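Trainee: Provide a 3D model corresponding to the input given below.
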Amino acid sequence: MAPKDPKQAAAAAAAGGSGGFFSSFASTLSNFGSAMTKSVNGLMGYEGLEVVNPDGGTEDAEEEAKKGRWKQEERDGYWKMMQKYIGSDITSMVTLPVFISEPMTALQKMAELMEYSYLLDMADECEDPHMRLVYASSFFISVYYAYQRTWKPFNPILGETYEMVNHGGITFIAEQVSHHPPMSAGHAENEHFTYDVTSKLKTKFLGNSVDIYPLGRTRVTLKRDGVVLDLVPPPTKASNLIFGRTWIDSSGEMVLTNLTTGDKVVLYFQPCGWFGAGRYEVDGYVYSAADEPKILMTGKWNEAMSYQVCDLEGEPLSGTELKEVWRVADTPKNDKFQYTYFAHKINSFGTAPKKLLASDSRLRPDRMALEKGDLSTAGQEKSSLEERQRAERRNREAKNHKFTPKWFELTEEIAPTPWGDVEVYEYNGKYTAHRAAIDSSSCVEDPDSRPEFNPWQYSSLDAE
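Mentor: You can find the predicted model right below:
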(Lines give C-alpha, C1' and ligand atoms only; values in the text may rest on other atoms or scores of the structure.)
Protein backbone atom coordinates (compact mmCIF):
# COMPACT_ATOMS: atom_id res chain seq x y z
CA MET A 1 0.00 0.00 0.00
CA ALA A 2 1.29 3.46 -0.90
CA PRO A 3 2.07 5.68 2.07
CA LYS A 4 -0.49 8.32 2.96
CA ASP A 5 0.02 12.05 2.69
CA PRO A 6 2.67 12.88 5.33
CA LYS A 7 1.10 16.24 6.15
CA GLN A 8 -2.23 14.58 6.97
CA ALA A 9 -0.52 11.78 8.87
CA ALA A 10 1.54 14.16 10.98
CA ALA A 11 -1.38 16.52 11.58
CA ALA A 12 -3.61 13.65 12.63
CA ALA A 13 -1.03 12.45 15.10
CA ALA A 14 -0.53 15.94 16.53
CA ALA A 15 -4.27 16.65 16.80
CA GLY A 16 -5.40 13.29 18.08
CA GLY A 17 -6.44 12.02 14.67
CA SER A 18 -8.91 14.80 13.75
CA GLY A 19 -8.64 16.06 10.17
CA GLY A 20 -11.11 18.94 10.38
CA PHE A 21 -13.09 21.10 7.97
CA PHE A 22 -10.45 23.80 7.52
CA SER A 23 -7.81 21.37 6.24
CA SER A 24 -10.22 20.03 3.64
CA PHE A 25 -11.35 23.53 2.66
CA ALA A 26 -7.76 24.79 2.31
CA SER A 27 -6.90 21.83 0.09
CA THR A 28 -9.86 22.63 -2.16
CA LEU A 29 -8.81 26.27 -2.41
CA SER A 30 -5.27 25.24 -3.28
CA ASN A 31 -6.44 23.10 -6.20
CA PHE A 32 -8.95 25.69 -7.38
CA GLY A 33 -6.54 28.57 -6.99
CA SER A 34 -4.12 27.47 -9.70
CA ALA A 35 -6.64 28.69 -12.28
CA MET A 36 -7.57 31.91 -10.46
CA THR A 37 -4.71 34.26 -11.38
CA LYS A 38 -5.52 37.90 -12.04
CA SER A 39 -5.09 39.09 -15.61
CA VAL A 40 -4.38 42.66 -16.64
CA ASN A 41 -5.44 42.04 -20.22
CA GLY A 42 -7.31 45.06 -21.51
CA LEU A 43 -6.56 47.07 -18.38
CA MET A 44 -3.06 48.06 -19.44
CA GLY A 45 -2.95 46.79 -23.00
CA TYR A 46 -0.59 43.83 -22.50
CA GLU A 47 -2.16 40.76 -24.01
CA GLY A 48 -1.57 37.53 -22.08
CA LEU A 49 0.17 39.20 -19.15
CA GLU A 50 -0.77 37.98 -15.68
CA VAL A 51 -0.23 39.61 -12.30
CA VAL A 52 -0.67 37.28 -9.37
CA ASN A 53 -0.94 38.19 -5.69
CA PRO A 54 0.47 35.18 -3.77
CA ASP A 55 -1.28 36.32 -0.59
CA GLY A 56 -4.68 36.32 -2.25
CA GLY A 57 -5.38 40.00 -1.62
CA THR A 58 -8.55 41.72 -2.78
CA GLU A 59 -6.89 44.47 -4.80
CA ASP A 60 -7.89 44.61 -8.44
CA ALA A 61 -5.44 43.60 -11.13
CA GLU A 62 -4.60 47.15 -12.19
CA GLU A 63 -3.65 48.22 -8.66
CA GLU A 64 -1.64 45.05 -8.15
CA ALA A 65 0.20 45.63 -11.43
CA LYS A 66 1.41 49.05 -10.29
CA LYS A 67 3.29 47.63 -7.32
CA GLY A 68 6.95 46.68 -7.51
CA ARG A 69 10.36 48.28 -8.03
CA TRP A 70 9.91 49.35 -11.66
CA LYS A 71 8.88 52.86 -12.65
CA GLN A 72 6.11 53.08 -15.25
CA GLU A 73 8.40 54.09 -18.14
CA GLU A 74 10.94 51.42 -17.17
CA ARG A 75 8.23 48.75 -17.09
CA ASP A 76 6.92 49.77 -20.50
CA GLY A 77 10.39 49.81 -22.05
CA TYR A 78 11.44 46.45 -20.69
CA TRP A 79 8.11 44.85 -21.51
CA LYS A 80 8.47 45.90 -25.16
CA MET A 81 12.06 44.61 -25.22
CA MET A 82 11.28 41.31 -23.49
CA GLN A 83 8.24 40.28 -25.55
CA LYS A 84 10.47 38.79 -28.25
CA TYR A 85 12.02 36.44 -25.67
CA ILE A 86 8.76 34.81 -24.55
CA GLY A 87 9.20 31.04 -24.52
CA SER A 88 13.01 31.34 -24.65
CA ASP A 89 15.85 30.51 -22.27
CA ILE A 90 17.04 33.97 -21.19
CA THR A 91 19.80 32.84 -18.81
CA SER A 92 22.52 34.75 -20.67
CA MET A 93 20.55 36.66 -23.31
CA VAL A 94 19.34 39.74 -21.44
CA THR A 95 21.13 42.48 -19.53
CA LEU A 96 18.99 43.78 -16.67
CA PRO A 97 19.29 47.10 -14.81
CA VAL A 98 21.21 47.25 -11.56
CA PHE A 99 18.32 48.63 -9.52
CA ILE A 100 16.60 45.23 -9.44
CA SER A 101 19.81 43.60 -8.17
CA GLU A 102 21.09 42.80 -4.70
CA PRO A 103 24.74 43.48 -3.72
CA MET A 104 25.70 39.83 -4.01
CA THR A 105 26.74 37.54 -6.86
CA ALA A 106 25.41 34.11 -7.77
CA LEU A 107 28.63 32.60 -6.41
CA GLN A 108 27.92 34.11 -3.01
CA LYS A 109 24.38 32.76 -3.10
CA MET A 110 25.89 29.31 -3.62
CA ALA A 111 27.73 29.80 -0.33
CA GLU A 112 24.50 30.69 1.51
CA LEU A 113 23.67 26.99 1.66
CA MET A 114 26.42 26.65 4.24
CA GLU A 115 24.50 28.62 6.90
CA TYR A 116 23.06 25.46 8.46
CA SER A 117 26.04 23.23 7.71
CA TYR A 118 25.78 21.81 11.24
CA LEU A 119 23.00 19.59 9.84
CA LEU A 120 25.55 17.82 7.63
CA ASP A 121 27.85 17.51 10.64
CA MET A 122 24.98 15.78 12.47
CA ALA A 123 24.29 13.54 9.46
CA ASP A 124 27.94 12.45 9.45
CA GLU A 125 27.85 11.67 13.17
CA CYS A 126 24.50 9.84 12.99
CA GLU A 127 24.40 6.03 13.25
CA ASP A 128 20.88 5.64 11.84
CA PRO A 129 21.04 5.68 8.00
CA HIS A 130 17.50 7.02 7.70
CA MET A 131 18.03 9.84 10.20
CA ARG A 132 21.09 10.78 8.18
CA LEU A 133 18.75 11.61 5.33
CA VAL A 134 16.50 13.62 7.65
CA TYR A 135 19.43 15.85 8.62
CA ALA A 136 20.88 16.05 5.11
CA SER A 137 17.57 16.85 3.39
CA SER A 138 16.80 19.51 6.00
CA PHE A 139 20.17 21.06 5.15
CA PHE A 140 19.14 21.36 1.50
CA ILE A 141 15.70 22.72 2.39
CA SER A 142 17.16 25.40 4.66
CA VAL A 143 18.54 27.52 1.81
CA TYR A 144 15.08 28.10 0.33
CA TYR A 145 14.39 30.76 2.93
CA ALA A 146 17.19 32.80 1.35
CA TYR A 147 16.06 31.89 -2.17
CA GLN A 148 12.72 33.66 -1.67
CA ARG A 149 14.49 37.02 -1.92
CA THR A 150 13.25 38.74 -5.05
CA TRP A 151 16.39 40.79 -5.77
CA LYS A 152 18.53 39.42 -8.58
CA PRO A 153 22.17 38.55 -7.80
CA PHE A 154 24.90 39.79 -10.14
CA ASN A 155 25.94 37.35 -12.86
CA PRO A 156 29.56 36.33 -12.15
CA ILE A 157 32.30 37.36 -14.55
CA LEU A 158 34.12 34.44 -16.19
CA GLY A 159 36.95 33.49 -13.82
CA GLU A 160 35.33 35.23 -10.84
CA THR A 161 35.63 33.40 -7.50
CA TYR A 162 34.24 33.49 -3.99
CA GLU A 163 36.11 32.25 -0.92
CA MET A 164 34.70 31.70 2.55
CA VAL A 165 36.31 30.62 5.82
CA ASN A 166 35.53 31.23 9.50
CA HIS A 167 32.22 29.35 9.49
CA GLY A 168 31.76 25.87 10.94
CA GLY A 169 35.34 24.95 10.13
CA ILE A 170 34.41 25.09 6.45
CA THR A 171 36.60 26.13 3.56
CA PHE A 172 34.45 27.14 0.58
CA ILE A 173 35.56 28.04 -2.94
CA ALA A 174 33.35 28.75 -5.97
CA GLU A 175 34.37 29.75 -9.48
CA GLN A 176 32.58 30.87 -12.63
CA VAL A 177 33.82 28.18 -15.02
CA SER A 178 31.82 29.05 -18.15
CA HIS A 179 30.17 32.15 -19.58
CA HIS A 180 28.16 30.68 -22.48
CA PRO A 181 26.34 28.84 -21.08
CA PRO A 182 26.73 30.37 -17.58
CA MET A 183 28.07 27.69 -15.23
CA SER A 184 29.51 27.78 -11.73
CA ALA A 185 31.31 25.16 -9.69
CA GLY A 186 31.69 25.03 -5.93
CA HIS A 187 33.50 22.98 -3.29
CA ALA A 188 33.13 23.08 0.49
CA GLU A 189 34.81 20.92 3.08
CA ASN A 190 35.25 20.50 6.82
CA GLU A 191 36.08 17.55 9.07
CA HIS A 192 32.66 15.96 8.51
CA PHE A 193 31.78 16.37 4.84
CA THR A 194 32.71 17.48 1.36
CA TYR A 195 30.20 19.30 -0.81
CA ASP A 196 30.58 19.56 -4.59
CA VAL A 197 28.29 21.27 -7.05
CA THR A 198 28.20 22.10 -10.75
CA SER A 199 25.45 24.64 -11.36
CA LYS A 200 23.88 25.42 -14.71
CA LEU A 201 20.48 27.11 -14.84
CA LYS A 202 17.94 26.72 -17.61
CA THR A 203 15.09 29.22 -17.85
CA LYS A 204 11.85 29.68 -19.75
CA PHE A 205 10.58 33.26 -19.99
CA LEU A 206 6.78 33.45 -19.93
CA GLY A 207 6.18 37.20 -20.12
CA ASN A 208 5.73 38.41 -16.55
CA SER A 209 7.27 35.30 -15.02
CA VAL A 210 10.14 32.93 -15.59
CA ASP A 211 10.49 29.21 -14.86
CA ILE A 212 13.93 28.26 -13.54
CA TYR A 213 15.17 24.70 -13.94
CA PRO A 214 18.18 23.75 -11.80
CA LEU A 215 20.34 21.76 -14.19
CA GLY A 216 23.32 20.72 -12.17
CA ARG A 217 24.90 18.02 -10.11
CA THR A 218 25.16 18.23 -6.33
CA ARG A 219 27.03 15.66 -4.27
CA VAL A 220 27.76 15.44 -0.55
CA THR A 221 30.19 12.90 0.87
CA LEU A 222 29.96 12.17 4.60
CA LYS A 223 33.50 11.46 5.70
CA ARG A 224 33.07 9.02 8.55
CA ASP A 225 31.60 6.21 6.43
CA GLY A 226 32.18 7.57 2.94
CA VAL A 227 28.44 7.83 2.24
CA VAL A 228 27.66 9.74 -0.98
CA LEU A 229 24.42 11.70 -1.31
CA ASP A 230 23.00 12.99 -4.62
CA LEU A 231 20.44 15.81 -4.85
CA VAL A 232 17.76 16.58 -7.45
CA PRO A 233 16.00 19.83 -6.41
CA PRO A 234 12.59 21.09 -7.62
CA PRO A 235 12.18 23.86 -10.20
CA THR A 236 11.46 27.46 -9.18
CA LYS A 237 9.15 30.12 -10.59
CA ALA A 238 9.63 33.87 -10.29
CA SER A 239 6.32 35.70 -10.81
CA ASN A 240 5.52 39.38 -11.48
CA LEU A 241 8.96 40.19 -12.89
CA ILE A 242 7.92 43.47 -14.52
CA PHE A 243 4.38 44.13 -13.28
CA GLY A 244 3.28 43.65 -9.68
CA ARG A 245 5.14 42.59 -6.55
CA THR A 246 7.76 40.02 -7.49
CA TRP A 247 7.55 36.77 -5.58
CA ILE A 248 9.25 33.39 -5.85
CA ASP A 249 7.93 29.90 -5.29
CA SER A 250 9.26 26.36 -5.71
CA SER A 251 7.01 23.40 -6.37
CA GLY A 252 7.61 19.76 -7.19
CA GLU A 253 9.79 16.98 -5.85
CA MET A 254 13.13 17.16 -4.13
CA VAL A 255 14.89 13.79 -4.18
CA LEU A 256 18.00 13.10 -2.10
CA THR A 257 19.47 9.66 -2.74
CA ASN A 258 22.08 7.79 -0.74
CA LEU A 259 24.10 6.36 -3.63
CA THR A 260 25.96 4.09 -1.21
CA THR A 261 22.95 2.31 0.32
CA GLY A 262 20.03 3.05 -2.01
CA ASP A 263 17.99 4.80 0.69
CA LYS A 264 16.36 8.06 -0.35
CA VAL A 265 14.11 10.89 0.77
CA VAL A 266 11.39 12.28 -1.48
CA LEU A 267 9.91 15.62 -0.42
CA TYR A 268 7.12 17.41 -2.25
CA PHE A 269 7.12 21.23 -2.32
CA GLN A 270 3.48 22.36 -2.50
CA PRO A 271 2.69 25.06 -5.09
CA CYS A 272 1.18 28.31 -3.90
CA GLY A 273 -2.59 28.25 -4.37
CA TRP A 274 -5.45 30.69 -3.99
CA PHE A 275 -5.19 32.94 -0.90
CA GLY A 276 -1.67 31.55 -0.48
CA ALA A 277 -2.92 28.05 0.37
CA GLY A 278 -0.12 25.49 0.47
CA ARG A 279 2.66 28.03 -0.01
CA TYR A 280 5.97 27.06 1.66
CA GLU A 281 4.70 23.58 2.66
CA VAL A 282 7.01 20.57 2.26
CA ASP A 283 5.99 16.96 2.94
CA GLY A 284 7.43 13.55 2.23
CA TYR A 285 9.12 10.40 3.43
CA VAL A 286 12.50 8.83 3.96
CA TYR A 287 12.47 5.47 2.18
CA SER A 288 14.63 2.41 2.61
CA ALA A 289 16.42 0.86 -0.35
CA ALA A 290 13.37 -1.44 -0.61
CA ASP A 291 11.11 1.65 -1.06
CA GLU A 292 9.54 1.23 2.36
CA PRO A 293 8.61 4.47 4.18
CA LYS A 294 10.62 4.80 7.39
CA ILE A 295 10.30 8.42 8.51
CA LEU A 296 7.77 11.06 7.53
CA MET A 297 8.87 14.68 7.19
CA THR A 298 6.70 17.77 7.19
CA GLY A 299 7.07 21.51 7.59
CA LYS A 300 7.55 24.79 5.74
CA TRP A 301 10.71 25.76 3.89
CA ASN A 302 10.54 29.28 5.29
CA GLU A 303 10.03 28.22 8.93
CA ALA A 304 10.96 24.74 10.14
CA MET A 305 11.02 21.02 9.35
CA SER A 306 9.96 18.14 11.60
CA TYR A 307 10.06 14.35 11.40
CA GLN A 308 8.40 11.29 12.92
CA VAL A 309 9.05 7.57 12.61
CA CYS A 310 6.26 5.85 10.65
CA ASP A 311 4.99 2.37 9.81
CA LEU A 312 4.98 0.73 6.38
CA GLU A 313 1.74 2.52 5.48
CA GLY A 314 3.24 5.91 6.26
CA GLU A 315 1.29 6.37 9.49
CA PRO A 316 3.09 7.78 12.57
CA LEU A 317 4.35 4.92 14.71
CA SER A 318 2.58 4.55 18.04
CA GLY A 319 4.62 5.90 20.92
CA THR A 320 6.66 8.31 18.73
CA GLU A 321 6.45 12.09 18.55
CA LEU A 322 6.75 14.69 15.82
CA LYS A 323 10.16 16.30 16.44
CA GLU A 324 11.65 19.46 15.01
CA VAL A 325 14.94 19.02 13.15
CA TRP A 326 15.54 22.51 11.76
CA ARG A 327 14.20 26.03 12.26
CA VAL A 328 15.16 29.20 10.43
CA ALA A 329 17.41 31.49 12.45
CA ASP A 330 16.37 34.95 13.59
CA THR A 331 16.61 37.54 10.81
CA PRO A 332 17.15 41.32 10.79
CA LYS A 333 14.03 43.48 10.91
CA ASN A 334 13.18 45.65 7.87
CA ASP A 335 16.38 44.75 6.04
CA LYS A 336 16.43 46.48 2.64
CA PHE A 337 17.39 43.34 0.72
CA GLN A 338 15.70 40.84 3.09
CA TYR A 339 19.14 39.54 4.03
CA THR A 340 19.67 37.10 6.84
CA TYR A 341 22.47 37.71 9.34
CA PHE A 342 24.43 35.04 7.51
CA ALA A 343 23.95 36.79 4.16
CA HIS A 344 25.49 39.92 5.65
CA LYS A 345 28.32 37.75 6.96
CA ILE A 346 28.91 36.33 3.48
CA ASN A 347 29.15 39.83 2.04
CA SER A 348 31.62 40.99 4.68
CA PHE A 349 35.38 40.57 4.71
CA GLY A 350 35.04 38.85 8.09
CA THR A 351 34.52 35.52 6.33
CA ALA A 352 37.39 36.20 3.90
CA PRO A 353 40.72 34.39 4.24
CA LYS A 354 44.17 35.97 4.32
CA LYS A 355 45.34 37.30 0.94
CA LEU A 356 41.94 37.15 -0.70
CA LEU A 357 42.02 36.23 -4.39
CA ALA A 358 41.73 39.31 -6.60
CA SER A 359 38.90 37.54 -8.46
CA ASP A 360 36.68 37.42 -5.35
CA SER A 361 33.08 38.66 -5.63
CA ARG A 362 33.42 40.93 -2.60
CA LEU A 363 35.85 43.09 -4.58
CA ARG A 364 33.50 43.81 -7.49
CA PRO A 365 33.13 47.60 -7.79
CA ASP A 366 29.49 47.37 -8.96
CA ARG A 367 28.55 45.17 -6.01
CA MET A 368 30.30 47.47 -3.53
CA ALA A 369 28.66 50.58 -5.02
CA LEU A 370 25.21 49.00 -4.82
CA GLU A 371 25.86 47.98 -1.22
CA LYS A 372 26.51 51.67 -0.46
CA GLY A 373 23.30 52.67 -2.25
CA ASP A 374 25.04 54.36 -5.18
CA LEU A 375 22.93 53.09 -8.08
CA SER A 376 24.51 55.34 -10.68
CA THR A 377 28.06 54.17 -9.96
CA ALA A 378 26.89 50.56 -9.63
CA GLY A 379 25.31 50.70 -13.09
CA GLN A 380 28.39 52.25 -14.65
CA GLU A 381 30.72 49.72 -13.03
CA LYS A 382 28.49 46.83 -14.08
CA SER A 383 28.53 48.00 -17.70
CA SER A 384 32.32 48.43 -17.54
CA LEU A 385 32.85 44.89 -16.22
CA GLU A 386 30.58 43.42 -18.86
CA GLU A 387 32.41 45.30 -21.62
CA ARG A 388 35.78 44.11 -20.31
CA GLN A 389 34.42 40.56 -20.30
CA ARG A 390 33.41 40.93 -23.95
CA ALA A 391 36.86 42.37 -24.74
CA GLU A 392 38.56 39.42 -23.12
CA ARG A 393 36.41 37.00 -25.09
CA ARG A 394 37.42 38.73 -28.34
CA ASN A 395 41.06 38.60 -27.21
CA ARG A 396 40.82 34.91 -26.43
CA GLU A 397 39.13 34.09 -29.72
CA ALA A 398 41.76 36.07 -31.64
CA LYS A 399 44.53 34.09 -29.95
CA ASN A 400 42.56 30.83 -30.34
CA HIS A 401 42.81 30.30 -26.59
CA LYS A 402 40.34 28.34 -24.51
CA PHE A 403 39.40 29.51 -21.03
CA THR A 404 40.66 27.17 -18.31
CA PRO A 405 39.33 27.44 -14.73
CA LYS A 406 41.94 27.59 -11.97
CA TRP A 407 40.30 25.57 -9.22
CA PHE A 408 38.05 23.16 -11.12
CA GLU A 409 38.47 20.86 -14.11
CA LEU A 410 35.96 19.76 -16.72
CA THR A 411 35.47 15.99 -16.54
CA GLU A 412 34.16 13.61 -19.17
CA GLU A 413 31.11 12.90 -17.03
CA ILE A 414 27.69 14.05 -18.23
CA ALA A 415 25.08 14.09 -15.46
CA PRO A 416 21.41 13.60 -16.41
CA THR A 417 18.73 15.78 -14.79
CA PRO A 418 14.94 15.91 -15.32
CA TRP A 419 15.48 19.02 -17.50
CA GLY A 420 18.52 18.05 -19.53
CA ASP A 421 22.12 16.89 -19.21
CA VAL A 422 24.91 18.89 -17.60
CA GLU A 423 28.68 18.76 -17.91
CA VAL A 424 30.40 18.08 -14.58
CA TYR A 425 33.28 20.14 -13.22
CA GLU A 426 35.44 18.58 -10.52
CA TYR A 427 37.42 20.30 -7.77
CA ASN A 428 41.11 19.85 -8.59
CA GLY A 429 42.50 20.31 -5.07
CA LYS A 430 44.78 23.21 -6.03
CA TYR A 431 42.94 25.72 -3.87
CA THR A 432 43.61 23.62 -0.76
CA ALA A 433 47.35 23.73 -1.48
CA HIS A 434 47.16 27.45 -2.33
CA ARG A 435 45.38 28.27 0.91
CA ALA A 436 47.67 26.06 3.03
CA ALA A 437 50.75 27.84 1.67
CA ILE A 438 49.32 31.26 2.53
CA ASP A 439 48.06 30.26 5.97
CA SER A 440 51.44 28.79 6.88
CA SER A 441 53.33 31.92 5.84
CA SER A 442 54.56 34.34 8.48
CA CYS A 443 53.66 37.50 6.55
CA VAL A 444 51.41 40.03 8.25
CA GLU A 445 48.59 41.27 6.04
CA ASP A 446 47.31 44.82 6.17
CA PRO A 447 43.49 44.45 6.50
CA ASP A 448 42.98 47.78 4.71
CA SER A 449 45.07 46.72 1.72
CA ARG A 450 42.89 44.70 -0.63
CA PRO A 451 43.47 44.00 -4.32
CA GLU A 452 41.37 45.47 -7.11
CA PHE A 453 38.85 43.11 -8.65
CA ASN A 454 40.66 41.16 -11.36
CA PRO A 455 39.30 37.87 -12.73
CA TRP A 456 40.85 38.45 -16.16
CA GLN A 457 43.07 35.93 -17.90
CA TYR A 458 44.94 38.64 -19.82
CA SER A 459 46.82 41.47 -18.13
CA SER A 460 45.62 44.25 -20.45
CA LEU A 461 42.18 44.42 -22.02
CA ASP A 462 41.86 48.12 -22.68
CA ALA A 463 44.74 48.05 -25.19
CA GLU A 464 43.33 45.10 -27.12
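Trainee: What about the closest residue to Val424 other than its chain neighbours, how many residues nearby?
Mentor: Computed as Cβ to Cβ, 6 or more residues apart in numbering, the closest residue to Val424 that is not its neighbour in sequence is Glu413, at 4.3 Å. C-beta here means a position set from N, CA and C on the backbone, and glycine is covered the same way. Applying other Cβ atoms under 10 Å, we find 12 other residues in the vicinity of Glu413.
Trainee: Glu413 reaches Val422, doesn't it?
Mentor: No. Using Cβ atoms under 8 Å, Glu413 makes no contact with Val422, being 9.5 Å away.
Trainee: Do you have the helices of the chain handy? List them.
Mentor: Remark: helices assigned in the chain by DSSP state H are 6-14, 21-33, 61-65, 72-82, 106-111, 118-125, 129-142, 144-147, 341-347, 365-371, 375-399, 430-439.
Trainee: returning to that earlier point: any idea how far the residue nearest to Val424 is from Tyr425?
Mentor: 9 Å (Cβ to Cβ, to the nearest Å).
Trainee: so which of the helices of the chain gets nearest Pro332?
Mentor: helix 341-347 (6.4 Å; Cβ to Cβ).
Trainee: and the closest one, how far out from the chain's middle?
Mentor: What separates the centre of helix 341-347 from the centre of its chain is 15 Å, taken as Cα atoms, centre = their mean, to the nearest Å.
Trainee: what's the answer for stretch 449-460, then?
Mentor: Using Cα atoms, centre = their mean, the offset of stretch 449-460 from its chain centre is 28 Å.
Trainee: Give me the buried stretch members for it, please.
Mentor: For stretch 449-460, the neighbour count (16 or more other Cβ atoms under 10 Å) marks 450, 453, 455-456 as buried.
Trainee: Pipe these into TSV and attach distance to Asn395 and pLDDT per row.
Mentor: Output for these, formatted as TSV (distance: Cβ to Cβ, whole Å; pLDDT from 0 to 100):
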residue	distance to Asn395	pLDDT
Arg450	26	86
Phe453	18	96
Pro455	14	96
Trp456	9	93
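Trainee: Tell me the one among those residues nearest to Tyr431.
Mentor: Pro455 (14.9 Å).
Trainee: Count the residues that sit near the residue lying closest to Glu303 once chain neighbours are set aside.
Mentor: In this structure, Glu303 finds its nearest non-sequential neighbour in Val328, 6.0 Å apart by Cβ to Cβ, 6+ apart. Look at Val328: counted by other Cβ under 10 Å, it has 18 neighbours.
Trainee: List the contacts of Val328.
Mentor: For Val328, the contact set (Cβ atoms under 8 Å, 6 or more residues apart in numbering) comprises 142, 145, 302-304.
Trainee: Same check on Ser361?
Mentor: Taking Cβ under 8 Å, 6+ apart, we find Ser361 in contact with 104-105, 107-108, 154, 156, 160-162, 367.
Trainee: Would you reformat those residues as JSON lines and include distance to Ile242, neighbour count and pLDDT?
Mentor: Supplementary listing: the contacts of Ser361 in JSON lines, determined by distance: Cβ to Cβ, whole Å; neighbours: other Cβ atoms under 10 Å; pLDDT from 0 to 100:
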{"residue": "Met104", "distance to Ile242": "22", "neighbour count": "28", "pLDDT": "96"}
{"residue": "Thr105", "distance to Ile242": "23", "neighbour count": "28", "pLDDT": "97"}
{"residue": "Leu107", "distance to Ile242": "26", "neighbour count": "29", "pLDDT": "97"}
{"residue": "Gln108", "distance to Ile242": "25", "neighbour count": "23", "pLDDT": "97"}
{"residue": "Phe154", "distance to Ile242": "20", "neighbour count": "24", "pLDDT": "94"}
{"residue": "Pro156", "distance to Ile242": "24", "neighbour count": "27", "pLDDT": "96"}
{"residue": "Glu160", "distance to Ile242": "28", "neighbour count": "26", "pLDDT": "98"}
{"residue": "Thr161", "distance to Ile242": "32", "neighbour count": "25", "pLDDT": "98"}
{"residue": "Tyr162", "distance to Ile242": "29", "neighbour count": "29", "pLDDT": "98"}
{"residue": "Arg367", "distance to Ile242": "24", "neighbour count": "26", "pLDDT": "97"}
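Trainee: looking at it, Pro316 is touching Gln308, isn't it?
Mentor: Yes. At 4.9 Å, Pro316 and Gln308 qualify as touching, with contact defined as Cβ under 8 Å.
Trainee: lowest-pLDDT helix or strand in this structure?
Mentor: Least confident helix or strand of the chain, by mean pLDDT, DSSP states H and E, is helix 21-33 with a mean of 37.
Trainee: Could you find the closest non-adjacent residue to the residue most central in space within the chain?
Mentor: The residue lying closest to the centre of the chain (Cα atoms, centre = their mean) is Tyr147, at 5.2 Å. What sits nearest to Tyr147 in space, not counting adjacent residues and going by Cβ to Cβ, 6+ apart, is Ile248, at 6.6 Å.
Trainee: picking up where we left off before, in JSON lines, list the contacts of Val328 along with pLDDT and distance to Arg217.
Mentor: Output for those, formatted as JSON lines (pLDDT from 0 to 100; distance: Cβ to Cβ, whole Å):
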{"residue": "Ser142", "pLDDT": "96", "distance to Arg217": "20"}
{"residue": "Tyr145", "pLDDT": "92", "distance to Arg217": "23"}
{"residue": "Asn302", "pLDDT": "94", "distance to Arg217": "26"}
{"residue": "Glu303", "pLDDT": "96", "distance to Arg217": "29"}
{"residue": "Ala304", "pLDDT": "97", "distance to Arg217": "28"}
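Trainee: Which one (most neighbours) among these?
Mentor: Ser142 (23 neighbours).
Trainee: could you list every residue that touches that residue?
Mentor: Ser142 neighbours (Cβ under 8 Å, 6+ apart): 113, 115-116, 119, 326, 328.
Trainee: Let me know the closest of these to Thr194.
Mentor: Out of these, the member with the shortest distance to Thr194 (by Cβ to Cβ) is Leu113, at 13.6 Å.
Trainee: hang on, isn't the closest one packed against Val143?
Mentor: Yes. When contacts are counted by Cβ under 8 Å, Leu113 is listed as touching Val143 (4.4 Å).
Trainee: the more surrounded of these two?
Mentor: More crowded of Leu113 and Val143, by other Cβ under 10 Å: Leu113, with 22 against 17.
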